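K.L.:
Predicted model, plus sequence, below.
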There are 2 protein chains.
Amino acid sequence: MESRLLARTNKITNTSGLSPTHLQANLLILPSAHAKSFHDLCRRNPVSCPLLATTPPGSPHTLNPPQTIHSPDFDIRTDCPAYRIYKHGKCIAQRRDILDLWTDTDDYVGFLIGCSFSFEDALGRAGLKPRHQETGAVVPMYRTNLPLLPAGVFTGATCIVSMRPYRAEDVERVRSVTRRFLATHGEPVAWGWEGMRELGIEDIGKPDFGEEPVIREGEVPVFWGCGVTPQVAVESAGDKIDGLVFAHEPGNMLITDLTD
Amino acid sequence: MESRLLARTNKITNTSGLSPTHLQANLLILPSAHAKSFHDLCRRNPVSCPLLATTPPGSPHTLNPPQTIHSPDFDIRTDCPAYRIYKHGKCIAQRRDILDLWTDTDDYVGFLIGCSFSFEDALGRAGLKPRHQETGAVVPMYRTNLPLLPAGVFTGATCIVSMRPYRAEDVERVRSVTRRFLATHGEPVAWGWEGMRELGIEDIGKPDFGEEPVIREGEVPVFWGCGVTPQVAVESAGDKIDGLVFAHEPGNMLITDLTD
């Protein structure tokens, strides 16, 4: 597919709005010794970490289920526009590919996690276009006090949420439009100013990731699960993870062949 | 199966320890109009609400998947030892069967939710027998501040957890033994005195359900997701649910033909 080829050849750096009918995926690649823990983490926290597909250990060209990406030349090490390299829970480098880090003798396992871009299209079609798409900004994201339920080496992490402001009277319609997207975070996890406080977010004007939101009179914040959460889980696991971990650079997603 | 027949004929009232190799299930039965919401609630919160099987609307004799219970005379309206009847979020009655409340013209949908009895057997086999089994008490359960992620009419509920005390140095082994039981709450959601405070539990000696725990010197509380949570979700939904809701009487589970 053309957008994925542009990503492989590093001709694009932000996949938002590209190939709108195709699901985009957050990416996490771990040493196989920790793959079971991470798989459990996804199964226990499907709203933050909706698992779309995995690679077999050591196989950068294969996904299960296979229909996720059906290009015969697929390579998970090149087909994201940009990657982050983690060691002992810290991001130590950024790369355009990881061909030299995942070689034939390594047994890494890749995980594709659903991304909110697909439900944003549905919101737009329902006349509820997300504000950050209108203003051309990156969606604001916040750390919360909502625990990510622990699994194996992944303990002590909390959930990241993304936020889109809507008029209070539109919240039920927003919930309803995004509900069916179970594979890509689904309906909101909280909404309203009281919902914000319950998540432990103190200042809506100061997101931890992304850009400052524009909230108009009469609007309230609406919060969704966010695919940055797996990277925070890796940070929390720290040196309990031996070896390198790779992730997509936020906003630089892997474009799949799956449709809504 | 004999235990289920004893339940149907109301010869038993507590299924703990019966048919130890068979999975026991929490039960919730809702009008079909709310079945989609509840199904979403289970998919979004699999640790608190691990869904084992459902009935088609209006079919008290059939389960999907069918191997859940393969007796040809299965009847979800009689085969629990005891039932609770909810209206507008309040428990208004207790019954030994609900044959007169779910008649041929009703379109109720039944949900079977995994129960912790199965991982308790595994803990016992690993030399980590749960304290309440030693003392012959009902496991202590607590309300927490951990949100149950909302789905449709099910908003505003928080998770219930069950607690078993263990020595701090045994916690990793306890986590490891229960990890594989993903269909029945899996590994703990929190542990230790700090974990207790993070869940918002103030007094470990005063559970909200079940009986007061016995905690010995050097032991810490370990908390698991709990199948009472769906009933609390029904209470929180209140009059957003039209019609009656039925549940098992706590401790009086439906015994399935599934094994670990």
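P.N.:
Yes, it's here. Computed from a prediction, not measured in an experiment: that's the story for all the values here.
K.L.:
and the spatially closest residue to residue A:112 that is not a sequence neighbour, what are its bridge partners?
P.N.:
Nearest non-adjacent residue to residue A:112, counting by CB to CB, 6 or more residues apart in numbering or on different chains: residue A:25, 3.9 Å away. No exception for glycine: its C-beta is placed from N, CA and C like everyone else's. The partner list for residue A:25 in beta bridges (DSSP bridges) reads residue A:114, residue A:254.
K.L.:
got it, and the one 5 residues further on?
P.N.:
With beta bridges defined as DSSP bridges, residue A:30 has these partners: residue A:109.
K.L.:
Endpoints of stretch A:56-74, how far apart?
P.N.:
14 Å (CA to CA, to the nearest Å).
K.L.:
Report the rounded mean pLDDT for it.
P.N.:
Average pLDDT, stretch A:56-74: 92.
K.L.:
which outside residues touch it?
P.N.:
Outside stretch A:56-74, the residues that touch it by CB atoms under 8 Å, 6 or more residues apart in numbering or on different chains are A:1, A:4, A:32, A:35, A:52-55, A:75-77, A:79, A:102, A:104, A:106-110, A:112, A:256-258.
K.L.:
Among those residues, name the buried ones.
P.N.:
Buried members of the contacts of stretch A:56-74, counted by 16 or more other CB atoms under 10 Å in any protein chain shown: A:1, A:4, A:35, A:52-55, A:76-77, A:79, A:102, A:108-110, A:112, A:256-258.
K.L.:
can you tell me which residues contact residue A:241?
P.N.:
Neighbouring residues of residue A:241 by CB under 8 Å, 6+ apart: A:30-31, A:34, A:88-89, A:153, A:234.
K.L.:
Filter those down to the buried ones.
P.N.:
If you count burial by 16+ other CB under 10 Å, the buried members of the contacts of residue A:241 come out as A:30-31, A:34, A:88-89, A:153, A:234.
K.L.:
Between those residues, which sits nearest chain B?
P.N.:
Distance to chain B across the buried ones among the contacts of residue A:241 (CB to the nearest CB) is lowest for residue A:153, with 10.6 Å.
K.L.:
For chain A, which element, helix or strand, carries the lowest mean pLDDT?
P.N.:
Within chain A, confidence by mean pLDDT, DSSP states H and E is lowest for helix A:2-8 among all helices and strands, at a mean of 77.
K.L.:
still on that earlier bit, could you list which of the contacts of stretch A:56-74 belong to helices?
P.N.:
Counted as lying in helices by DSSP state H, out of the contacts of stretch A:56-74, are A:4, A:35.
K.L.:
Could you work out the end-to-end span of stretch A:85-96 for me?
P.N.:
Its start and end residues considered, stretch A:85-96 measures 11 Å (CA to CA).
K.L.:
List the buried residues of that stretch.
P.N.:
Within stretch A:85-96, the residues that count as buried by 16+ other CB under 10 Å are A:85-86, A:88-89, A:95-96.
K.L.:
again, but for stretch A:217-233
P.N.:
By neighbour count with 16+ other CB under 10 Å, stretch A:217-233 contains the buried residues A:219-233.
K.L.:
where do the strands sit along chain A?
P.N.:
For chain A, applying DSSP state E gives strands covering A:22-31, A:51-54, A:83-87, A:90-95, A:108-114, A:141-147, A:158-167, A:190-191, A:219-225, A:244-248, A:254-259.
K.L.:
Using TSV, lay out the ones you listed together with distance to residue A:201.
P.N.:
Listed next are the strands of chain A as TSV, based on distance: least, CB to CB, whole Å:
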stretch	distance to residue A:201
strand A:22-31	21
strand A:51-54	26
strand A:83-87	24
strand A:90-95	23
strand A:108-114	22
strand A:141-147	5
strand A:158-167	8
strand A:190-191	9
strand A:219-225	8
strand A:244-248	24
strand A:254-259	29
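K.L.:
Who are the contact partners of the spatially most central residue of chain A?
P.N.:
Nearest to the mean C-alpha position of chain A, by CA atoms, centre = their mean, lies residue A:227 at 2.4 Å. Applying CB under 8 Å, 6+ apart to residue A:227 gives the contacts A:26, A:48-49, A:113-116, A:185.
K.L.:
Residues of the stretch 151-260 of chain A that sit close to chain B?
P.N.:
Proximity of the stretch 151-260 of chain A to chain B (CB under 8 Å from any CB of the partner chain) is limited to residues A:151-152, A:175, A:179, A:182, A:186-190, A:198.
K.L.:
about what we covered before: can you convert the contacts of residue A:227 into CSV and add a column each for pLDDT and neighbour count?
P.N.:
Formatted as CSV, these follow (pLDDT from 0 to 100; neighbours: other CB atoms under 10 Å in any protein chain shown):
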residue, pLDDT, neighbour count
A:26, 92, 26
A:48, 96, 29
A:49, 97, 28
A:113, 95, 27
A:114, 92, 28
A:115, 87, 28
A:116, 85, 23
A:185, 93, 28
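K.L.:
Which pair of these spans the longest distance?
P.N.:
Using CB to CB, these span at most 12.9 Å, a distance reached by A:49 and A:116.
K.L.:
Against chain B, which of the buried residues of stretch A:85-96 make the cut? List them.
P.N.:
By CB under 8 Å from any CB, no member of the buried residues of stretch A:85-96 lies near chain B.
K.L.:
okay but residue A:145 is in contact with residue A:200, surely?
P.N.:
Yes - with contacts counted by CB atoms under 8 Å, residue A:145 reaches residue A:200, the gap being 3.3 Å.
K.L.:
Can you name the residue of the stretch 151-260 of chain A nearest chain B?
P.N.:
Using CB to the nearest CB, the single residue of the stretch 151-260 of chain A nearest to chain B is residue A:189, 5.3 Å away.
K.L.:
where's that residue relative to residue B:114, distance?
P.N.:
Noted for residue A:189: a distance of 23 Å to residue B:114, by CB to CB, to the nearest Å.
K.L.:
measure stretch A:242-257 end to end?
P.N.:
Stretch A:242-257 stretches 32 Å from its first residue to its last (CA to CA).
K.L.:
low pLDDT regions in chain A?
P.N.:
Judged by pLDDT under 70, chain A has its weakly predicted residues at A:1, A:13-14, A:16-17, A:260.
K.L.:
And it, split by domain according to the record?
P.N.:
A:2-115+A:230-259, A:117-229 (the TED database).
K.L.:
and the last one, how far from the chain's centre?
P.N.:
Centre-to-centre, domain A:117-229 and its host chain are 13 Å apart (CA atoms, centre = their mean, to the nearest Å).
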